[in-house]
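**Student:** the sequence isn't on hand, but the structure is:
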């Protein structure tokens, strides 16, 4: 039984409202036609099948479309869209867009199923709704491919090109319009590759008679009439104003990007400059705290340090926000053990929680590995946990849970028993400088932490949100992608509780500090004298520092990044290139405190990257560890 003999197929075919017919692929003979197609042709079934094979060729597989054309396309693609003309119905020329599909019957016969859509015959008929409106930005045309002669035009052509339709019809495109050479080259290439049934589109530039450069967007369709002539029907839109607007927007965007980069550079430089005096304030206050002071004086020093910490947090937040908004933040998305990150952050924040009389608990972790930037996800967790502690009640609690949302997403929730946030205010939580609970406590903040957390989470293809009930607490949650693979682990480096015990006197050790700021150098001199009994040597330029290293064997070098004559990175390369110096451990001490700068410094070869203002405890730990390791290796 052939396909057409199948009763279900036959019923669908005959009763279909879509104009259809079937022909044999090899013989090109039409086998059947349905009533919808006959109605479209305004022809009876008897009259249709009485037509000669030549008259029916356009509906089958015409000779001129066999060989490298229609037949090969059908065998290769399985389905082909083509435009055909039929003039056998009452002498009226009809144009159709035909979708032909190749099917193999049960007896291995090959059938071509055709579905037709009648197209208007002329440009005027096709676009009658537009044709009589000379003010439209769109015009329509038909031209003969062999000589490029224009056959028909809509009236709006005259307004767009500044040439009357009467002067243009009957002439080639190239003789009436001053096209840009690039446009002519591209149009010629596309026209050479077109075949009947194909369409193309492109933007074409030309010079208007008034001297202005203009652009049109053209969509062109190629077809063959019954006489074998190849034509193109086209629709073109004048998009000059749109292009000019796009160019203006592009320039405005470039200017905004440049301004953003300048703002980011300015904030980075200001951050560095602010850290120099702040380093002196905070470092000297830390040094004075360990001296024998009156209780009142110690309290004042603690207030100085607290205020310095707050100012430092504001500087860091502003710098982070500027880098994110200017798109100058690089993320290293890798598998991250979120359980380990949470454990580390909880251990880090536990002293703060205990001081606030807040208990931290962790729920059962369902799942562990996520896809994120390790340092940035930790930054987000620290921010959320810090807020949950700060805005809690004495005797309150914070509960952290990790759950799989689905196979692709994992949710980390941080629930607190704090004051909660009124539902009407929750929409403002992630806006800059919003501190909704500032009036209820003396807790300090910048109003930027949640903004930065939201943007970082979204950059990691995640989502952040909050559920809160006023006076009952809040739950902040983040959804992040699940990792199908595990990765490296990075255990938290815990600080020593007693610097005096950790720091070992090393009178015979030689340490060089290359720093052009005298106050910074004085701070480090005090630290080394206080904790190591070492008289360090200082150099105020890169050249002087290198000379010191070449003349005296050093056990450790502390190096500023921004030196007046060379950058710290250039100094590092000089050291690495000299064999007798390359074994000396180099620690960066710098005001560039963003995450990316730290990663860059560690990759460059610094054994540690410490930022100003100095965390004296951390500096002592790092120095002590380096010098102990060097002693054990010798």
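**Tutor:** Received, thanks. Bear in mind the structure is a predicted one, so any value in this text is a computation, not a measurement.

**Student:** tell me where the stretch 201-350 of the chain has helices.
**Tutor:** Counting by DSSP state H, counting those that start in this stretch, the stretch 201-350 of the chain has helices at residues 240-289, 295-325, 338-355.

**Student:** in TSV: these, plus mean pLDDT.
**Tutor:** Shown next, in TSV, are these (pLDDT from 0 to 100):
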stretch	mean pLDDT
helix 240-289	79
helix 295-325	73
helix 338-355	87
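
**Student:** for residue 218, which of these is the nearest?
**Tutor:** If you check each of the helices of the stretch 201-350 of the chain against residue 218 by C-beta to C-beta, helix 240-289 wins as the nearest, at 13.6 Å. (Glycine included, C-beta is placed from N, CA and C.)

**Student:** packing partners for that closest one?
**Tutor:** The contact analysis (3 or more C-beta pairs under 8 Å, 6 or more residues apart in numbering; DSSP states H and E) places helix 240-289 against strand 213-224, helix 295-325, helix 518-532, helix 616-633.

**Student:** that helix versus helix 616-633: what angle between them?
**Tutor:** If you take axes from the mean of the first three to the mean of the last three C-alpha atoms, to 10 degrees, helix 240-289 sits at 80 degrees to helix 616-633.

**Student:** between helix 295-325 and helix 240-289, find me the angle.
**Tutor:** Relative orientation of helix 240-289 and helix 295-325, computed by the same axes, to 10 degrees: 160 degrees.

**Student:** can you lay out the helices and strands packed on helix 240-289 as TSV showing mean neighbour count and distance to residue 480?
**Tutor:** Output for the helices and strands packed on helix 240-289, formatted as TSV (neighbours: other C-beta atoms under 10 Å; distance: least, C-beta to C-beta, whole Å):
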stretch	mean neighbour count	distance to residue 480
strand 213-224	18	43
helix 295-325	16	17
helix 518-532	18	39
helix 616-633	17	29
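
**Student:** ok, residue 478 touching residue 458?
**Tutor:** No - between residue 478 and residue 458 there is no contact under C-beta atoms under 8 Å: 10.0 Å.

**Student:** now do the strands in the stretch 451-600 of the chain.
**Tutor:** Along the stretch 451-600 of the chain, counting by DSSP state E, counting those that start in this stretch, strands occupy 463-469, 473-481, 511-514, 537-539, 556-559, 586-590.

**Student:** circling back to that earlier point, and residue 478 and residue 458? Which one has more around it.
**Tutor:** Ranked by neighbour count (other C-beta atoms under 10 Å), residue 478 and residue 458 place residue 478 first, with 25 against 12.

**Student:** so what's the more buried one up against?
**Tutor:** 380, 384, 411, 412, 453, 457, 462, 463, 464, 465 (C-beta atoms under 8 Å, 6 or more residues apart in numbering).

**Student:** could you rerun that using 10 Å?
**Tutor:** Residues in contact with residue 478 (C-beta atoms under 10 Å, 6 or more residues apart in numbering) are 338, 370, 372, 377, 380-381, 384, 410-414, 453-454, 456-457, 460, 462-465.

**Student:** what does residue 25 give?
**Tutor:** Here residue 25 is in contact with 60-61, 71, 74-75, 100, 102-104, 109-112 (C-beta under 10 Å, 6+ apart).

**Student:** show me which pair in these is furthest apart.
**Tutor:** Farthest pair in the contacts of residue 25, by C-beta to C-beta: 60 and 104, 17.8 Å.

**Student:** looking at these two, which is more packed in?
**Tutor:** Between residue 60 and residue 104, counted using other C-beta under 10 Å, residue 60 has the larger neighbour count: 23 against 11.

**Student:** where does the stretch 301-450 of the chain dip in pLDDT?
**Tutor:** 306, 310, 325-328, 364-367, 432-447 (pLDDT under 70).

**Student:** ok, back up a step: can you flag the buried ones in the contacts of residue 478?
**Tutor:** 338, 370, 372, 377, 380-381, 384, 410-414, 453-454, 456-457, 460, 462, 464-465 (16 or more other C-beta atoms under 10 Å).

**Student:** between residue 478 and residue 458, which contacts overlap?
**Tutor:** With C-beta under 10 Å, 6+ apart, residue 478 and residue 458 have common neighbours residue 464.

**Student:** quickly list what residue 223 is bridged to.
**Tutor:** residue 231 (DSSP bridges).

**Student:** contacting residues for it?
**Tutor:** Residue 223 makes contact with 82-85, 95-97, 119, 142, 145, 196-198, 229-233 under the criterion C-beta under 10 Å, 6+ apart.

**Student:** now do residue 200
**Tutor:** Residue 200 touches 187, 190, 191, 193, 194, 218, 219, 220, 221, 222, 232, 234, counting by C-beta under 10 Å, 6+ apart.

**Student:** ok, now which ones touch the residue lying closest to the third one once chain neighbours are set aside?
**Tutor:** With sequence-adjacent residues excluded and distances taken as C-beta to C-beta, 6 or more residues apart in numbering, residue 191 is closest to residue 145, at 7.1 Å. Residue 145 makes contacts with 191, 194, 196, 222, 223, 224, 229, 230, 231, 232, as judged by C-beta under 10 Å, 6+ apart.

**Student:** residue contacts, the first one?
**Tutor:** Each residue near residue 191 by C-beta under 10 Å, 6+ apart is listed here: 145, 148, 200, 220, 222, 232.

**Student:** tell me the two of those residues that are most distant?
**Tutor:** Going by C-beta to C-beta, the pair spanning these furthest: 148 and 200, at 15.2 Å.

**Student:** tabulate the contacts of residue 191 (CSV), appending pLDDT and distance to residue 44.
**Tutor:** Output for the contacts of residue 191, formatted as CSV (pLDDT from 0 to 100; distance: C-beta to C-beta, whole Å):
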residue, pLDDT, distance to residue 44
145, 89, 36
148, 86, 41
200, 87, 39
220, 87, 36
222, 87, 32
232, 88, 34
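
**Student:** residue 353: which of those residues is nearest?
**Tutor:** The nearest one, if we look at the contacts of residue 191 relative to residue 353 and count by C-beta to C-beta, is residue 200, at 67.4 Å.

**Student:** grab the nearest non-local neighbour of that closest one.
**Tutor:** Per C-beta to C-beta, 6+ apart, closest to residue 200 is residue 190, 4.9 Å.

**Student:** domain assignment for the chain?
**Tutor:** Split into domains by automatic domain parsing, the chain comes to 3-119, 124-238, 258-325, 333-481, 499-633.

**Student:** tell me how far the second one lies from the chain's centre.
**Tutor:** Right, the one you point to is domain 124-238. 39 Å (C-alpha atoms, centre = their mean, to the nearest Å).

**Student:** then the third one?
**Tutor:** Centroid displacement of domain 258-325 relative to its chain, using C-alpha atoms, centre = their mean, is 32 Å.

**Student:** with the last one instead?
**Tutor:** For domain 499-633, the gap between its own C-alpha mean and the chain's C-alpha mean amounts to 38 Å (C-alpha atoms, centre = their mean).
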